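K.L.:
here is my input; please provide its structure:
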Amino acid sequence: MGGFELATLPGGACATRSCLAARRGVCCRSLKRAADYLLVDVSNSFTKLAFASTDRIGAAERLPTSELNAASLGKILVRRRVGRIVVCSVVPQKNALVRQVAGRIPVTFVSAKSELGVGVDYPQPRTIGADRLANAAAVAEIYGCPAVVVDFGTAVTFDVISAERRYIGGVIAPGLEAMTSYLYKRTALLPKLTLSEPRRAVGKSTRAAMMSGAVFGYRGLVKEILAKISRETFGKQKVNVIATGGYARLIAEKMPEIDAVHPHLTLEGLRIVGNLESVR
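P.N.:
Just a heads-up that it's a prediction; the model follows:
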């Protein structure tokens, strides 16, 4: 994973007795490369993982969250020596699993109490999804504030960071795949879609009509929510609007309201939080 050389652990330390590799009889010192972090983004549908140094992430891979278990996580962890595992999880049942597989490797679970590089101005901070906090940390560091992150996941979330670098709230709407899957499951004649760019607004088949409604309709949803956020919160301020998540390229790349698509923004946020927590 990754075509770059990652930093070794501070002081060249080897976690031989503390990592899963050692428990399986593989000496950490025999592994060719080390990583400062293993980044783990546990969402409802998929889990993304990547090794990272303090300044860049390696190639990301993903697996269905239902398949995230001790064996699958262990196979990834034995590949390199790891200084810390940084996790954002919206599936609490998986948290104990990560701690178990990590052994003595330090694990940081992102929360509103973490060092994020942004403040949190929110009535109940503990209710904010950890992935949303990681996105806030990443957009503030990489793109600057004020900013809005649109994350196209199982749900589509809009997270708002003020010019003062404070997370101030957001919007949650049904995800694109959830909406189309609901139509498929709840109707007798509508097919299951593989989403792509429609050729035209007026569909000449049931599938084409559904595709048009899904993609063009979803862009309308995103556009209206962004416009409302801008009018209500920022006025004439220039706002950096960044998209991430599974359907970001399909939906956002044809929207002038969105400044950039960053597929691995959440993982970048985990890397940034890892750096900040390491010097806490």
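K.L.:
count of residues packed around the closest residue to A34 other than its chain neighbours?
P.N.:
Closest residue to A34 apart from its sequence neighbours, by CB to CB, 6 or more residues apart in numbering: R81 at 3.9 Å. (Each C-beta comes from the backbone N, C-alpha and C, glycine too.) Residues lying near R81 (other CB atoms under 10 Å) number 27.
K.L.:
surely R81 meets A35?
P.N.:
Yes: R81 lies in contact with A35 (CB atoms under 8 Å); the separation is 7.0 Å.
K.L.:
care to break this protein down by domain?
P.N.:
As assigned by automatic domain parsing, the chain contains the domains 10-109, 119-177+189-268.
K.L.:
mind listing the strands for the stretch 101-250 of the chain?
P.N.:
Remark: strands assigned in the stretch 101-250 of the chain by DSSP state E, counting those that start in this stretch are 107-109, 119-120, 147-152, 155-161, 166-174, 240-245.
K.L.:
out of those, nearest to T233?
P.N.:
Closest approach to T233 among those (CB to CB): strand 155-161, 6.2 Å.
K.L.:
got the contact list for the closest one?
P.N.:
The contact list for strand 155-161 (CB atoms under 8 Å, 6 or more residues apart in numbering) reads 118, 129, 132, 135-136, 139-140, 145-151, 167-176, 178, 218, 221-222, 225-226, 229, 233, 245.
K.L.:
of these, buried ones?
P.N.:
For the contacts of strand 155-161, a burial check counting by 16 or more other CB atoms under 10 Å picks out 118, 129, 132, 135-136, 139-140, 145-151, 167-168, 170-171, 175-176, 218, 222, 225-226, 229, 245.
K.L.:
one step back: and the residue nearest to A34, its phi and psi?
P.N.:
Per-residue torsions, R81: phi -70, psi 140 (degrees, to the nearest 10).
K.L.:
for R231, grab the count of nearby residues.
P.N.:
9.
K.L.:
actually I142, sorry about that
P.N.:
16.
K.L.:
residues near the closest residue to it other than its chain neighbours, how many?
P.N.:
Counting by CB to CB, 6+ apart, E268 is the residue found nearest to I142 once chain neighbours are left out, at 6.5 Å. Under the neighbour criterion other CB under 10 Å, E268 is assigned a count of 24.
K.L.:
which SS state does E268 fall under?
P.N.:
Under DSSP: H, G, I helix; E, B strand; the rest coil, E268 falls in the helix class.
K.L.:
my read: it touches Y143, true?
P.N.:
No: using CB under 8 Å, E268 is not in contact with Y143, being 10.5 Å away.
K.L.:
now do the helices in the stretch 1-150 of the chain.
P.N.:
Taking DSSP state H, counting those that start in this stretch as the test, the helices found in the stretch 1-150 of the chain are 20-23, 70-77, 95-102, 130-142.
K.L.:
deepest-packed of the ones you listed, please.
P.N.:
Highest mean neighbour count among the helices of the stretch 1-150 of the chain (mean count of other CB atoms under 10 Å): helix 130-142, with a mean of 25.
K.L.:
now it and strand 155-161, what's the angle there?
P.N.:
Calculated by axes from the mean of the first three to the mean of the last three CA atoms, to 10 degrees, helix 130-142 forms an angle of 40 degrees with strand 155-161.
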